[in-house]
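Participant: curious how this folds, go ahead:
(one chain, ligands or ions: 1)
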Amino acid sequence: MAELQEVQITEEKPLLPGQTPEAAKEAELAARILLDQGQTHSVETPYGSVTFTVYGTPKPKRPAILTYHDVGLNYKSCFQPLFQFGDMQEIIQNFVRVHVDAPGMEEGAAVFPLGYQYPSLDQLADMIPCILQYLNFSTIIGIGVGAGAYILSRYALNHPDTVEGLVLINIDPNAKGWMDWAAHKLTGLTSSISEMILGHLFSQEELSGNSELIQKYRNIITHAPNLDNIELYWNSYNNRRDLNFERGGDITLKCPVMLVVGDQAPHEDAVVECNSKLDPTQTSFLKPGKLTEAFKYFLQGMGYMASSCMTRLSRSRTASLTSAASIDGNRSRSRTLSQSSESGTLSSGPPGHTMEVSC
Ligand code: BEZ
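Facilitator: Numbering: from 1, shown residues only. Predicted structure coming up:
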C-alpha cells in the first residue's frame, strides 16, 4: 500500500519542500517507469496470502482492470500475450492493471506442504476484497479466463456494486455433474495432471496439431516447479459449486458482461449455456480474432473510451464485423457491433448488456 501511495501521480502534484521542478519531474518519471514495469505485492487474507502485480499509473475516478488467470498458468503466461498486443496499448494506458496470481502460482512460488488445504474457488473470490482494500480501489473491470472467470463471477455475485464490467473467457459456471466426474476419473487413469490441464486449456484439435504454441505450454506446465500447487488449484476448479445463474432471477451478473469463447474450445457449450442464463437481448457474436476491438467497444459502452479513438477504429474495421452473423436466430447478436461499424459512431448499448465473442 505504502509503495503505491508514495508514488501515486496526480496532475498537479505539489513540490516537496526544497524540491526543484526538475527533481520533481525526474521523480515522477522514475515512479511512472516503476509502475509501468509492474510491482508485485502480497497481502494476507483469511485464506492465506495472495500475490498480485500492478501495472500503470492510477487515474482518478477509473476502475482498475483486475485479471484472474486459468489453471496451469499464472498472470504472465495467461495475460502477457493479450496485454502486450499492440492494439491493446491505447486501452490499457488508461487503466491501472492488477494481475492476481492464485496462491502458489506466482513465479518462484514454494511448493505447499503436504496436507495444505488449498482455498476453494469461492474462497479465492473472497480474497479479492483484501487486494482492493490494500490498493484503495473501490471498483474494477474484471478479465478472467477459465477458473479465473469463475472466480471473478463469484466475486461479482457477492460484491455487485464493485464490478463495473466483466470479460469472461471460456467460463464454465456449472459444477461438474456425475457424468463429468466419471469422465474425469477415467481420463485420470491414463493421463498425467499436465495432460488433463492441457485438455482444459486447448481443444483436442489444437493438442493433436501440436503447434509451437502447444509445445510451449506443454513444456511450461509439464516442467513447472510448482506442479503440485497447480494440481491443488486444478482440484479446487473441479470441485467448484454451480454459480446458479438465473435469467431474470436474483442470482445474475448485474454489470455488463462480455463472454468470450474460442472456436472449438473445450468450453464452447458451457459458455453458450452461460449466455442463455444472462441477459439475452443485447448479446453479440464477433468473428474470431476481435477480442481487443470488442474490449474497446465494451469499455466505450461504459463511457471509458474516447470517441476519437473509437472512430478511427471503426474506420479500420473489416467487413468481417459487419457481416458477423448471429449463429442463433433467436439471439440477433450482431446488432451492436455491425451497426456501430457502419455509422462510425459507436454505441454499444446501455450498461447491463451481455456480449458474446467467439474467437
Ligand atoms: C500489463 O501491462 O498489464 C501487463 C504487462 C505484462 C504482463 C501482463 C500484463
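Participant: helix, strand or coil for residue 295?
Facilitator: helix (DSSP: H, G, I helix; E, B strand; the rest coil).
Participant: pretty sure it is touching residue 169, no?
Facilitator: No - using Cβ atoms under 8 Å, residue 295 is not in contact with residue 169, being 10.7 Å away. From N, CA and C alone the C-beta is placed, and that goes for glycine too.
Participant: residue 97 and residue 152, how far apart?
Facilitator: 14 Å (Cβ to Cβ, to the nearest Å).
Participant: counting neighbours, which bits of stretch 166-181 end up buried?
Facilitator: For stretch 166-181, the buried set under the neighbour-count rule, 16 or more other Cβ atoms under 10 Å, comprises 166, 167, 168, 169, 170, 171, 172, 173, 174, 176.
Participant: pull up the distance across it, start to finish.
Facilitator: 29 Å (Cα to Cα, to the nearest Å).
Participant: enumerate the residues of the stretch 201-350 of the chain near the ligand.
Facilitator: Taking Cβ under 6 Å from any ligand atom, no part of the stretch 201-350 of the chain reaches the ligand.
Participant: ok, which stretches of the stretch 201-350 of the chain are helices?
Facilitator: With DSSP state H, counting those that start in this stretch as the definition, the stretch 201-350 of the chain shows helices at residue ranges 204-209, 212-222, 227-238, 268-277, 291-301, 307-315, 319-322, 335-343.
Participant: ok, residues contacting the first one?
Facilitator: Identification of contacts with helix 204-209 by Cβ atoms under 8 Å, 6 or more residues apart in numbering yields 198, 199, 214, 264.
Participant: buried among these? Make that a PyMOL selection.
Facilitator: Command for PyMOL that selects the buried part of these, burial taken from 16+ other Cβ under 10 Å:
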select buried, resi 198+214
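Participant: next step: the contacts of helix 204-209 restricted to strands.
Facilitator: Here DSSP state E is the test, and the contacts of helix 204-209 give no hits in strands at all.
Participant: can you redo the contacts of helix 204-209 as TSV with pLDDT?
Facilitator: As requested, the contacts of helix 204-209 are arranged in TSV below (pLDDT from 0 to 100):
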residue	pLDDT
198	95
199	92
214	92
264	70
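Participant: okay, the contacts of helix 204-209 in a markdown table with distance to residue 272 next?
Facilitator: Shown next, in a markdown table, are those (distance: Cβ to Cβ, whole Å):
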| residue | distance to residue 272 |
| --- | --- |
| 198 | 23 |
| 199 | 19 |
| 214 | 24 |
| 264 | 13 |
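Participant: surely residue 149 meets residue 125?
Facilitator: No - at 11.2 Å, residue 149 does not count as touching residue 125 under the criterion of Cβ under 8 Å.
Participant: and those two? Which one has more around it.
Facilitator: Ranked by neighbour count (other Cβ atoms under 10 Å), residue 149 and residue 125 place residue 149 first, with 28 against 22.
Participant: just the pLDDT for the more buried one.
Facilitator: Looking at residue 149, its pLDDT is 97.
Participant: can you dump the C-alpha coordinates of the strand or helix carrying it into PDB?
Facilitator: Applying DSSP states H and E as the criterion places residue 149 in helix 147-158. These are the backbone C-alpha positions of helix 147-158, laid out as PDB (Å, rounded to 0.1, in the frame of the first residue of the first chain):
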ATOM      1  CA  ALA A 147     -11.200 -20.800 -13.400                       C
ATOM      2  CA  GLY A 148     -10.300 -17.100 -13.200                       C
ATOM      3  CA  ALA A 149     -13.600 -16.200 -15.000                       C
ATOM      4  CA  TYR A 150     -15.500 -18.300 -12.500                       C
ATOM      5  CA  ILE A 151     -13.700 -16.600  -9.500                       C
ATOM      6  CA  LEU A 152     -14.500 -13.200 -10.900                       C
ATOM      7  CA  SER A 153     -18.100 -14.100 -11.500                       C
ATOM      8  CA  ARG A 154     -18.400 -15.400  -7.900                       C
ATOM      9  CA  TYR A 155     -16.800 -12.100  -6.700                       C
ATOM     10  CA  ALA A 156     -19.200 -10.100  -8.800                       C
ATOM     11  CA  LEU A 157     -22.200 -12.000  -7.400                       C
ATOM     12  CA  ASN A 158     -21.100 -11.300  -3.900                       C
END
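Participant: quick one: low-confidence parts of the stretch 151-300 of the chain?
Facilitator: Scanning the stretch 151-300 of the chain for pLDDT under 70 picks out 279-289.
Participant: just the pLDDT for residue 11.
Facilitator: pLDDT, residue 11: 39.
Participant: what about the nearest residue in space to residue 234 that is not next to it in sequence, how many neighbours?
Facilitator: In this structure, residue 234 finds its nearest non-sequential neighbour in residue 71, 4.9 Å apart by Cβ to Cβ, 6 or more residues apart in numbering. Close neighbours of residue 71, defined as other Cβ under 10 Å, add up to 26.
Participant: contacts only, for residue 71.
Facilitator: Residue 71 touches 146, 147, 197, 200, 201, 230, 233, 234, 237, counting by Cβ under 8 Å, 6+ apart.
Participant: who in the stretch 1-150 of the chain is up against the ligand?
Facilitator: Checking the stretch 1-150 of the chain against the ligand by Cβ under 6 Å from any ligand atom, the hits are 38, 55, 76, 79, 80, 83, 84, 92, 97, 99.
Participant: mind redoing it with 8 Å?
Facilitator: 36, 38, 53, 55-56, 65, 67, 75-76, 79-80, 82-84, 92, 97, 99 (Cβ under 8 Å from any ligand atom).
Participant: of residue 97 and residue 152, which one has the most company?
Facilitator: residue 152 (29 against 20).
Participant: go ahead and confirm the more buried one touches residue 144.
Facilitator: Yes - Residue 152 lies in contact with residue 144 (Cβ under 8 Å); the separation is 3.9 Å.
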